[in-house]
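A.B. asks: Fold the stuff below for me.
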Amino acid sequence: MKFGIIREGKTPPDKRVPLTPQQCKALKAKYPEMEILVQPSDVRAFKDKEYEAEGSTIAEDLSDCEVLLGVKEVPLDMLIPNKTYMFFSHTYKKQPYNSKLLKTILEKKIRLIDYEMLTNEFGIRLLGFGRFAGIVGAYNAFRAWGEMTHDYSLKPAHECADRREMESELIKVKLPSKAKIAITGGGRVASGAQEIFSAMHLKQVTPKKYLNDDFNGVVFTQLEVSDYYERKDGREFKNADFYKDPTGFKSVFRHYARTTDIYIPCHFWSNKAPFVFTREDARSPEFKIRLVSDISCDIDGPVASTLRPSTIAEPFYAYDPHGEKEVPLGTLGSIGVSAVDNLPCELPKDASEDFGNELIKNVIPHFFSGDKEGVLDRASETTLDGKLTPKFAYLEDYVNS
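C.D. replies: Numbers count the residues shown, from 1 in each chain. All right, here's what the predicted structure looks like:
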């Protein structure tokens with residue numbers, strides 16, 4: 001079986017890869033019948049010669065490959081008909097900007113296996129760059145604080161050679177002696193953020209203690225949905241009820257906003273759910289949050305200060321809660337904002353290695369075992385016959401829009 005690693009063609013360019021040179025070598029050792037071709041690229045964090053040194057073949061033409069692996073959406077003119085592709089297509093939520101992509105995939109009779117749809121039997125995702133989004137997003141929170149207060153300056157993550165160098169910068173951080181940090185969410189992203197907190201030796205406290213106790217040092221708390229949402233009818237909160245239909249709930253995040261300096265959203269948010277905090281909440285005299293590093297980055301949604309995504313080159317801005325508009329970072333009375341929506345790209349080598357390890361462990365084996373557990377089948381949006389699979393038949397109108 002021939003696998004091909006495609007050249008990333010989306011603009012702006014992405015330096016990440018689905019498999020590193022060493023991971024390709026390890027796969028070929030495990031599966032002798034596997035051949036890996038790598039399309040040449042000047043953009044990747046790993047050079048062509050590094051792949052060649054580990055035994056992969058550099059080839060412009062990948063038409064002999066059965067499975068083609070990428071990271072971001074593939075430009076329409078780069079799609080090869082009658083192949084199986086794996087990449088983040090951003091189509092399953094009916095994202096308007098990618099309807100033509102899915103339509104072209106169907107026309108070219110391509111089997112699309114979307115990374116985001118790869119799950120185990122319990123519906124838990126098997127792949128993602130979320131961990132490194134959390135790592136870099138938390139780092140950016142402390143970098144933004146330094147830029148906002150002028151107390152210190154951290155090197156941008158993308159200018160660091162790797163995660164180790166980035167974390168060595170954290171020794172420069174100077175926060176108020178009793179600063180409080182809140183994060184929302186409990187998945188890969190939140191876990192990544194907590195790795196930065198651990199590197200800084202920050203103390204974690206329960207949400208109850210966070211609200212009521214006084215601390216001699218910087219602390220953080222992790223909030224689950226039951227901490228910052230409650231039922232409108234006053235009945236007992238049950239996670240299953242919230243995830244099934246969040247419309248009967250309201251946010252009580254304001255209790256935490258009264259005592260929080262830095263807020264780092266790491267949650268998944270449904271557009272049916274109430275906002276975490278609104279523009280009206282942000283105008284309250286009791287609202288004490290000075291900086292939001294919004295890793296979730298839902299624009300004009302649950303976090304009122306996130307007006308737009310920011311970029312790796314210009315990651316920070318500020319939100320004026322009274323004028324409800326963007327202002328320069330550090331403006332008096334404003335809320336600092338970091339809202340980079342492609343955070344893992346700042347540490348492309350580390351993020352790629354982490355992603356590739358999950359791909360090797362949780363996904364690649366199913367290509368050689370007949371996919372008996374249905375992992376690949378569940379994640380397939382389209383077939384080699386040019387049709388949507390039954391699970392994704394709901395995308396028919398989207399494709400033809």
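A.B. asks: so what's the residue nearest the centre of the chain scoring on pLDDT?
C.D. replies: Nearest to the geometric centre of the chain sits Gly130, at 4.0 Å (Cα atoms, centre = their mean). Predicted confidence (pLDDT) for Gly130: 92.
A.B. asks: Surely it and Gly187 touch.
C.D. replies: Yes. Between Gly130 and Gly187 there is a contact under Cβ atoms under 8 Å: 6.4 Å. Any C-beta I mention is one placed from the backbone N, CA and C, and that applies to glycine too.
A.B. asks: follow-up on the earlier one: how about the residue nearest to the centre of the chain: what's its closest non-neighbour residue?
C.D. replies: Nearest non-adjacent residue to Gly130, counting by Cβ to Cβ, 6 or more residues apart in numbering: Arg188, 3.4 Å away.
A.B. asks: and the gap between the one you found and Thr119?
C.D. replies: Separation of Arg188 from Thr119 (Cβ to Cβ, to the nearest Å): 13 Å.
A.B. asks: Please say which of those two ends up with more neighbours.
C.D. replies: Taking other Cβ atoms under 10 Å, Arg188 and Thr119 do not tie; Arg188 has more neighbours (20 against 16).
A.B. asks: dump the residue contacts of that one.
C.D. replies: Each residue near Arg188 by Cβ atoms under 8 Å, 6 or more residues apart in numbering is listed here: Gly128, Gly130, Arg131, Ala133, Gly134.
A.B. asks: what comes up buried for the longest helix seen in the chain?
C.D. replies: Secondary structure of the chain read by DSSP state H shows that its longest helix is helix 130-149. Neighbour-count burial for helix 130-149, counted by 16 or more other Cβ atoms under 10 Å, picks out 130-148.
A.B. asks: try stretch 165-184
C.D. replies: Going by neighbour count (16+ other Cβ under 10 Å), the buried part of stretch 165-184 is Met166, Glu167, Glu169, Leu170, Val173, Leu175, Ala179, Lys180, Ile181, Ala182, Ile183, Thr184.
A.B. asks: before we move on, what about stretch 301-318?
C.D. replies: In stretch 301-318, counting by 16+ other Cβ under 10 Å, buried: Pro302, Val303, Ala304, Ser305, Thr306, Leu307, Ser310, Ile312, Pro315, Phe316, Tyr317, Ala318.
A.B. asks: First-to-last residue distance for stretch 173-186?
C.D. replies: In stretch 173-186, first residue to last residue: 25 Å (Cα to Cα, to the nearest Å).
A.B. asks: actually stretch 8-24, not the one I typed
C.D. replies: 17 Å.
A.B. asks: Show residues contacting that stretch.
C.D. replies: Stretch 8-24 is contacted by residues 5, 27, 36, 38, 41, 43-46, 50-51, 53-56, 69-75, 78, 86, 129, 342, 344-345, 348-349, 351-353, 355-357, 359-360 when judged by Cβ under 8 Å, 6+ apart.
A.B. asks: In strands, which of the residues you listed appear?
C.D. replies: In this view, the contacts of stretch 8-24 that belong to strands under DSSP state E are Ile5, Ile36, Val38, Leu69, Met86.
A.B. asks: Among those residues, which one is most surrounded by other residues?
C.D. replies: Result: Val38 is most packed of the ones in strands among the contacts of stretch 8-24 (other Cβ under 10 Å), 27 neighbours.
A.B. asks: Contacts only, for that residue.
C.D. replies: When contacts are counted by Cβ under 8 Å, 6+ apart, Val38 touches Gly4, Ile5, Cys24, Asp48, Tyr51, Ser56, Thr57, Ile58, Ala59.
A.B. asks: Next, work out how far apart the third one and Gly55 are.
C.D. replies: It stands for Cys24. In terms of Cβ to Cβ, Cys24 sits 7 Å off from Gly55.
A.B. asks: Leu76 too?
C.D. replies: Noted for Leu76: a distance of 32 Å to Gly55, by Cβ to Cβ.
A.B. asks: if we can go back for a sec, please render the contacts of Val38 as a markdown table that adds pLDDT to the earlier fields.
C.D. replies: Output for the contacts of Val38, formatted as a markdown table (pLDDT from 0 to 100):
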| residue | pLDDT |
| --- | --- |
| Gly4 | 98 |
| Ile5 | 98 |
| Cys24 | 98 |
| Asp48 | 98 |
| Tyr51 | 98 |
| Ser56 | 96 |
| Thr57 | 96 |
| Ile58 | 98 |
| Ala59 | 98 |
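A.B. asks: Gln204: which of those residues is nearest?
C.D. replies: Closest approach to Gln204 among the contacts of Val38 (Cβ to Cβ): Cys24, at 38.4 Å.
A.B. asks: Next, the closest one: phi, psi?
C.D. replies: Backbone torsions for Cys24, taken as degrees, to the nearest 10, come to phi -60, psi -40.
A.B. asks: how many other residues sit next to it?
C.D. replies: The number of residues near Cys24, taken as other Cβ under 10 Å, comes to 27.
A.B. asks: now swap in Ser226 and tell me
C.D. replies: 14.
A.B. asks: helix, strand or coil for it?
C.D. replies: helix (DSSP: H, G, I helix; E, B strand; the rest coil).
A.B. asks: ok, now which ones touch it?
C.D. replies: Phe237, Asn239, Phe242.
A.B. asks: repeat that with 10 Å
C.D. replies: Contact analysis of Ser226 by Cβ atoms under 10 Å, 6 or more residues apart in numbering lists Pro207, Glu236, Phe237, Lys238, Asn239, Phe242, Phe249.
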